[in-house]
Each structure stands twice: as structure tokens, then as C-alpha cells.
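Asker: A structural model of the following input is requested.
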Amino acid sequence: MAHKFCEFYKQIYLIGPKIPKRNRYGIYLKIENICLETINLLITASLEIRNNKLPILNSVRIKIEVLKRLIRIAYEFNVIGNKKYINLELDLQEISKMTNGWIKYLK
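Answerer: Numbering: from 1, shown residues only. Now for the predicted structure:
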């Protein structure tokens with residue numbers, strides 16, 4: 001799961017230099033920061049004991065939903081192109097399903 005999200009972040013990172021400066025230090029910076037926070041939470045969840053994983057994974061789920069919204073907004077403002085947007089959204093949907101599956105497994 002953390003590996004899949006790291007691959008997602010690599011896509012985000014590689015898009016960064018192509019983003020205009022105004023947007024790169026605005027919405028795009030927020031997207032990158034949330035990605036890094038999510039990686040931190042996923043690694044933490046994977047190393048925690050079973051009883052402590054659920055609250056961390058719920059935070060991950062929220063961050064993924066926020067990412068979906070921010071990426072959609074970035075697309076609507078033409079910060080991210082159509083092809084990149086579709087790829088990012090598909091990956092986020094898959095990551096979201098994996099996170100929800102992990103949460104259901106723990107319940």
C-alpha cells in the first residue's frame with residue numbers, strides 16, 4: 001500500500017516542474033505536502049500494532065479524499081492537464097479502495 005502511494009507521489013513530483021510558478025507554490029504545494037503526510041501515515045500504520053492502525057488509516061482515508069478534491073480543482077483551473085488528471089484520479093481511486101479494504105480487514 002505504501003509502495004503504491006509512493007509511486008503516486010512520484011507522478012505528482014514529476015509534474016511539479018511543468019506547473020506555473022504561481023500554482024506550484026499554491027495549490028500544487030498543498031497537494032505535495034498532503035502526499036508526503038500520507039506517506040508518513042501509511043508507514044506509521046504499517047509499523048503500528050493492530051489496535052493502533054485504525055485511527056491512522058482513518059486519517060489516511062481523509063487525506064486521500066482531500067487529495068481527490070484538490071487534484072480536481074487543479075484540473076478545473078487547468079493547472080494539471082486532462083491526461084495527467086485522469087491517471088492521477090484512477091490511481092487515487094485504487095489507493096482509496098486499498099485503504100478501505102485495509103480498514104475493513106481491521107474491523
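Asker: Would you mind listing the buried residues in the lowest-mean-pLDDT helix or strand in the chain?
Answerer: Evaluated with mean pLDDT, DSSP states H and E, the helix-and-strand set of the chain has its lowest mean pLDDT in helix 21-24, which scores a mean of 88. Within helix 21-24, the residues scored as buried using 16 or more other C-beta atoms under 10 Å are R24. Just so you know, the C-beta spots here come from the backbone N, C-alpha and C atoms, and that holds for glycine as well.
Asker: what separates it from the chain centre, distance-wise?
Answerer: What separates the centre of helix 21-24 from the centre of its chain is 19 Å, taken as C-alpha atoms, centre = their mean, to the nearest Å.
Asker: neighbours of N51, just the number please.
Answerer: Applying the criterion other C-beta atoms under 10 Å, we find 8 residues in the vicinity of N51.
Asker: For the residue of the chain most remote from its centre, pull up the helix or strand it's in.
Answerer: Distance from the C-alpha centroid of the chain, by C-alpha atoms, centre = their mean, peaks at N51 (23.8 Å). Taking DSSP states H and E as the definition, one finds N51 inside helix 50-76.
Asker: Tell me what angle the helix or strand that that helix is followed by forms with helix 50-76.
Answerer: As assigned by DSSP H and E, the chain's next helix or strand after helix 50-76 is helix 82-106. For helix 82-106 against helix 50-76, the angle between stretch directions is 160 degrees (axes from the mean of the first three to the mean of the last three C-alpha atoms, to 10 degrees).
Asker: Show me what counts as buried in helix 82-106.
Answerer: Going through helix 82-106 with 16+ other C-beta under 10 Å, the ones that come out buried are 84-85, 88-89, 91-92, 95-96, 99, 102.
Asker: Can you spell out which helices and strands pack onto that helix?
Answerer: Packed against helix 82-106 by the contact rule (3 or more C-beta pairs under 8 Å, 6 or more residues apart in numbering; DSSP states H and E) you find helix 2-15, helix 50-76.
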